[in-house]
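*Asks:* Task: produce atomic coordinates for the following.
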Amino acid sequence: MIRDVSLPDDWEPKVREALADVLPERRNAPLRPLGAGLDNVTLLLDGAIVVRLPKNSDGAESVAKEARLLPELALHWDLGVAIPRFLFTAPNPIGPGSFCGYPLVPGEVLAPEHWHARGLPGLPETARQVAGILDALHAFPAEAAGKLGAPSWDLREDFAGDLAAVRAEVLPRLTPGEGRTLLAVWEGYLGDDANFAYRPTFTHGDVSLDHLLVTGDEITGLIDFGDAEVGDPDYDLSYLWAEAGPDFVRRVQAHRGLPFTVRLARKLDFWALADPALDVLFGLEQRTPELADDALRTLRARLAAAADR
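*Replies:* Predicted structure coming up:
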């Protein structure tokens, strides 16, 4: 989550006017910025209600998707942790689509470095909890998820389509050795048919450490289902691989009774590189040089780590 929240000068009266229609009893309650991502800004209302406002069409699409999916998840699937339960959706007063509000999900949002400072990835219970969350998520019927708006994700088609832009825009920003490594990993992933022999599965799509909310040493919430899709279930390990580490993912798989294979490790290595490479492209497209530069630093650090293995 991006902590530096940028809002238009007149955001507060517009948001309060919109809230008067959906939560009139809280129209004048304390309201402050909480955080921001690439696609949404979040506010905290009365210390208890998260208000999320899309900044662009992707954010609007994610709110609409969550409004369809989350009630079904909450009603029929026990993830073992709390998830957002929308109180309302209504026309967005400062951007496209609809904005939403839901009771604050219990727990802290912690950056990866704070997870490690607390020793959370090393705790046996943490891996067990994550394993249970993933199993419960992946049990949600893919067909039902599709009918509720979770798109089918053809990973091979998408990553093959991204490769030309990566060659043109990202490789020139790397050293020749870094570029060769990235290209070899990318082409290796696309060229292995076994990487795409998965059963299409409902996935969260963004199980990063800052979306797993923590109370003490326990995971108590899971947020941000805006990237949910039907695709490769292994993808839900990708951010954990990059942020919590390979040993953590091995322990998660052991709790799930699933094998940890060389092929899985290679897939996760690829996704750990592809994610910041695509963020470089996004930053360049959006003319946000700080985002592109930050993603490039992450990519180069991960390429260096890959070279050391």
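
*Asks:* can you pull out the strands in the protein?
*Replies:* For the chain, strands defined by DSSP state E occupy the ranges 31-36, 40-45, 49-54, 88-91, 98-103, 201-203, 212-215, 218-222, 229-231.

*Asks:* quick one, which of those is nearest to Trp77?
*Replies:* Closest to Trp77 of these, according to C-beta to C-beta: strand 201-203, at 9.6 Å. Every C-beta, even on glycine, is put in place using the N, C-alpha and C of the backbone.

*Asks:* Let me have the strands of the chain in a markdown table, extended by distance to Asp78.
*Replies:* Shown next, in a markdown table, are the strands of the chain (distance: least, C-beta to C-beta, whole Å):
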| stretch | distance to Asp78 |
| --- | --- |
| strand 31-36 | 27 |
| strand 40-45 | 26 |
| strand 49-54 | 22 |
| strand 88-91 | 24 |
| strand 98-103 | 18 |
| strand 201-203 | 15 |
| strand 212-215 | 16 |
| strand 218-222 | 12 |
| strand 229-231 | 21 |
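
*Asks:* Nearest to Ala164, out of these?
*Replies:* It's strand 229-231; of the strands of the chain, that one is closest to Ala164 (C-beta to C-beta) at 21.7 Å.

*Asks:* so Asp210 makes contact with Glu113?
*Replies:* No: counting by C-beta atoms under 8 Å, Asp210 does not reach Glu113; the two are 10.6 Å apart.

*Asks:* Compare those two (neighbour count), which wins?
*Replies:* A count of neighbours by other C-beta atoms under 10 Å puts Asp210 above the other of Asp210 and Glu113, at 21 against 10.

*Asks:* count of residues packed around the residue nearest to Asp279 when sequence neighbours are not counted?
*Replies:* Distances taken as C-beta to C-beta, 6 or more residues apart in numbering put Ala295 closest to Asp279, at 3.5 Å, once the chain neighbours are dropped. Residues lying near Ala295 (other C-beta under 10 Å) number 22.

*Asks:* picking that back up, out of the strands of the chain, flag the one nearest Pro24.
*Replies:* Short answer: strand 88-91, nearest of those by C-beta to C-beta, at 11.4 Å.

*Asks:* Can you name every helix or strand that the top helix by length along the chain contacts?
*Replies:* Of all segments of type helix in the chain, defined using DSSP state H, the longest is helix 262-285. When contacts are defined as 3 or more C-beta pairs under 8 Å, 6 or more residues apart in numbering; DSSP states H and E, helix 262-285 packs onto helix 155-165, helix 176-191, helix 238-243, helix 246-256, helix 289-308.

*Asks:* Any buried residues in that helix, and which?
*Replies:* Residues of helix 262-285 classed as buried: 264, 267-281, 283-284 (neighbour count, 16 or more other C-beta atoms under 10 Å).

*Asks:* report the angle between the axes of that helix and helix 176-191?
*Replies:* 120 degrees (axes from the mean of the first three to the mean of the last three C-alpha atoms, to 10 degrees).

*Asks:* For the residue nearest to the spatial centre of the chain, what are phi and psi?
*Replies:* Nearest to the mean C-alpha position of the chain, by C-alpha atoms, centre = their mean, lies Asp206 at 2.6 Å. With angles defined as degrees, to the nearest 10, Asp206 sits at phi -160, psi 50.

*Asks:* Could you pull up the contacting residues of it?
*Replies:* Applying C-beta atoms under 8 Å, 6 or more residues apart in numbering to Asp206 gives the contacts Asp224, Gly226, Asp227, Tyr239.

*Asks:* so where is the stretch 101-250 of the chain shaky, pLDDT-wise?
*Replies:* For the stretch 101-250 of the chain, applying pLDDT under 70 flags no range at all.

*Asks:* So Ala111 is in contact with His211, correct?
*Replies:* No: contact criterion C-beta under 8 Å: Ala111 and His211 do not qualify, at 11.4 Å.

*Asks:* Show me the one of the strands of the chain that comes nearest Glu187.
*Replies:* Nearest to Glu187, of all the strands of the chain, is strand 229-231, at 20.4 Å by C-beta to C-beta.
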